[in-house]
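**Student:** only the shape, not the letters, is given here:
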């Protein structure tokens, strides 16, 4: 719209004041626990605002490679018969040739929708405007196993996956309603398909088994010794699950938990088993509790009928470490939430990571050894009350009693409006943030921690910093390998490698010195967790997708897999087609009749699957703009007028019976909404919304853009409704507005429409790309729109006709001489020059100019005849691009995985009989073809290639080699306080050996002839009387390492809980024997070798075995030669970890 009324007054009187306007900053968002909270419409108790399930995950930076999950490996659903209203697939070139102008609403397809002399393209489209590269197999990352393809967010209500952990035979995942697991022997099996019994979102996932419903799972821990997986939950409970679930029974019914007890009042945020088998758990407020293994073992032995007694037994055995280090109300450790717990099995210590501090504990004595901050400085903490809320009162005091200066009364309308808008924004922001630290976040908060094979500890921070520590908590060095402020989310290790998962979706592989070995974009969303299992590094993304990356990568196997998978493209490629209707209308603050809505939308939506409607100037009052700007600063949007429009659009489309609204976004007078036909709903989801203001100092939404992003058949489509700068001479401002919107449109997670109080669904506020990345100018980052498979811009672009008078334009319009008028179109000229909408296309315009009309005057005689006599213009337009390179037409580029979205415009027209506004509504109908991947079939092909390809099998065989190693003895006898030395030798001259030692079990003997019955402690922990140091490490080629095996008496006050000794059934006169297992593997081998060493504690000298007289008193080393005898012990077993 030309901007009549107040807008003209603003532009004419106070142009100079425009430069003084500053944008309103957006607040940081508070972290929430529930990943599906945005889909339930829940309210946060401390402030009202937009609710995001993933707000706790920091936004990632720009990516060196394409980040889309769908670029090279695409998700599909098997159709049910009649489920999707799609036509049989026809090559688009043939389809376009068959569409006549009459059938297409008196318009021919333009470029990008067919050829025609009146169509226009926006230059070549280079740099950020370039069409994204697509291929059947991603060339920029290792080939991956799609265990669980990216599910649509809307299908995951209450089922979002939070974490993963691997046993020897299974991959377990914790979700918002319990746990589930996949068996490694079935990871290549096909999914159940859309008609299967699994819920939506898991149709193409490998077969899995699921537990009965529980409170949301926050953490997982594997206890391999006892065949258990432990889970910590939001309700404060710890639950155990048996890993030997019967496959047949679980296929029909959810499996149930075993032992469970109330561990904390708040959620269980982290768990770990110490090197002595005790379970440590952390919760909110810095609470750490220890659950001794003896009480857990006793409870596990009870029958199911004694479940309550078992829970009480464990609950009463708890050791509250926070209370033990609190003296006179002052605590030695921070009161912030526990982020991570880490067991140092090498030194028998335990690390507790909080956001800004670490505490180091002795796993055996449970004593606090040290507290230090993220900079490595020791802290003598006295943890008192939280006074952080005090500074929040300052702005409120400053805002009180503010009177209007007399000079302000003489200011122009623009300046007074600016003051009102900024004042309203400040007031709303103060109310929203009073008493909170919503805007204060330290960039170096710890997010993850891991221990490597060499005994070093690595931690990752929210600013991307990776810190290396030694075993005593001394800071060694730090790295920032991305050079961007993208948060480290998780770690895992395999052999001599470290894997790092980032919030940007990137995974890095490092060596033990911190050198970067490989980096790739693993997911389009943050990587939440990494886990190692059966030859793969499994990564869980925040959207719920799980991928497996070979532990052998990078290797020649990667290239073979790429080539073989690409060669089988035809077997897993699927094609579909559907139609999309785009409607745009500058309503000029009017409210049309239902007949007008039906004429515009309802009359032509009968054959379309998706409808996108964009409105401009829904409301443009100064008070409304001020309130809209204020609400945007705290994450609110929408209005009663916007809701009226949504209701009436829905009525015209048959909402409820035919179409379903899936998302909307309002920014001041701009409103965009998305509607999907019900029988296509199952293939559309991941609706995200964004907004970019371009008015008044890039802060107010009277001009700007609102957008929606969706996934359709695993392809990303973006729809952006724009209102650009007005006036004939403002061509450069319009170009700049488009560029600003394109570069800064950031999509966030909306809520479902029915749960929104305001009009439209909530989404991220208009945070610029540079704000999300904290990395300088947004020019340096890749816009989110550039990653989409299809982008459609529509709205009131305000481009006019130039070099023509009002009367001449009226004459040409009356004669329908649109060819000549198109040559005078500013937008056409700017696109041809490559200054705007670069790389995009517009179909042939065959309808009269849509602006400016007298209201309620029908026909072409309704053009503005007032004093200004504005020249008719095509202000209202639809511009688009798909995945075809350059100016290719459908006949030149067939729909395939390399060019997955091909579109044709089959209708582009204005509805001239609608007279309720000074603009005419415009509609554009696309026929779209989409190529996507059947993930289930491709996973089968992936497994088949691994099993049958001879080259891959040969390379895998080479990677199974374990360096030759030897241990000095297979039997050790100890008396009280004795120490023996176990020597492990690496006989390889080329490869390092990674070793670890665990306790397979303990047996007690009262008489010499007693039969041994070995019982394992938690996660193969050592008994309290045995110290093994170091219990893990790396041995260089042709070198050996000496491991101290020491008996230690253990009677301390900490062992008494409620007066009961925690090791009461061990304190008897029986001899005890344990089996130590030494596990060795090469630095990158897929197979391990094991040695077993029997260690016996004898109470008297007469019970010593003849072959164990080499034990010595504490402080004295035994003779290695005497221990080793005539020959070294050899490998006694091997286990494979091949993919």
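**Tutor:** Looks like it arrived, so ask away. Just so we're clear, the structure is a prediction, and the values are computed from it rather than from any experiment. Residues are numbered from 1 along each chain as shown.
**Student:** could you find the closest non-adjacent residue to residue 728?
**Tutor:** Once flanking residues are discounted, residue 728 sits nearest to residue 800: 4.7 Å by CB to CB, 6 or more residues apart in numbering. Where you see a C-beta, it was placed from the backbone N, CA and C, and this is true even at glycine.
**Student:** burial measure for the one you found, as a count.
**Tutor:** By the criterion of other CB atoms under 10 Å, residue 800 has 27 neighbours.
**Student:** repeat that for residue 360.
**Tutor:** Neighbour tally, residue 360, other CB under 10 Å: 21.
**Student:** what does residue 1038 give?
**Tutor:** By other CB under 10 Å, 11 other residues sit near residue 1038.
**Student:** over to residue 227?
**Tutor:** Residues lying near residue 227 (other CB under 10 Å) number 15.
**Student:** residues contacting the nearest residue to it once chain neighbours are set aside?
**Tutor:** In this structure, residue 227 finds its nearest non-sequential neighbour in residue 243, 4.9 Å apart by CB to CB, 6+ apart. Residue 243 makes contact with 167, 169-170, 181, 227-229, according to CB atoms under 8 Å, 6 or more residues apart in numbering.
**Student:** so how far is residue 486 from residue 243?
**Tutor:** Per CB to CB, to the nearest Å, residue 243 is found 35 Å from residue 486.
**Student:** buried subset of the contacts of residue 243?
**Tutor:** The neighbour-count test (16 or more other CB atoms under 10 Å) marks 167, 170, 181, 228-229 as buried among those.
**Student:** so residue 945 is in which element?
**Tutor:** Taking DSSP states H and E as the criterion, residue 945 maps to helix 935-948.
**Student:** can you name every helix or strand that that helix contacts?
**Tutor:** Packing partners of helix 935-948 (3 or more CB pairs under 8 Å, 6 or more residues apart in numbering; DSSP states H and E): strand 144-148, helix 556-567, helix 569-572.
**Student:** closest to residue 1097 out of these?
**Tutor:** Of all those, strand 144-148 sits nearest to residue 1097, with 45.0 Å by CB to CB.
**Student:** list the pairing partners of the closest one within its sheet, with orientation.
**Tutor:** strand 546-550 (antiparallel) (DSSP bridges).
**Student:** helices of the stretch 651-800 of the chain, start to end?
**Tutor:** Ranges of helices in the stretch 651-800 of the chain, per DSSP state H, counting those that start in this stretch, are 731-744, 769-773.
**Student:** just the stretch 1001-1139 of the chain next, same as before
**Tutor:** With DSSP H, counting those that start in this stretch as the criterion, the stretch 1001-1139 of the chain has helices spanning 1120-1124.
**Student:** residues of stretch 209-228 that come out buried?
**Tutor:** Residues of stretch 209-228 classed as buried under the neighbour-count rule (16+ other CB under 10 Å) are 209-211, 214-226, 228.
**Student:** now stretch 547-561: buried residues?
**Tutor:** Residues of stretch 547-561 classed as buried: 547-553, 555, 557-558, 560-561 (neighbour count, 16+ other CB under 10 Å).
**Student:** sorry, back to before: how far away is the residue nearest to residue 227 from residue 1015?
**Tutor:** 18 Å.
**Student:** over to residue 829?
**Tutor:** 84 Å.
**Student:** pick out whichever of those two has more residues nearby.
**Tutor:** Neighbours around residue 829 and residue 1015, counted as other CB under 10 Å, are more numerous at residue 829. The numbers are 16 against 11.
**Student:** residues touching the more buried one, list them.
**Tutor:** Each residue near residue 829 by CB under 8 Å, 6+ apart is listed here: residue 802.
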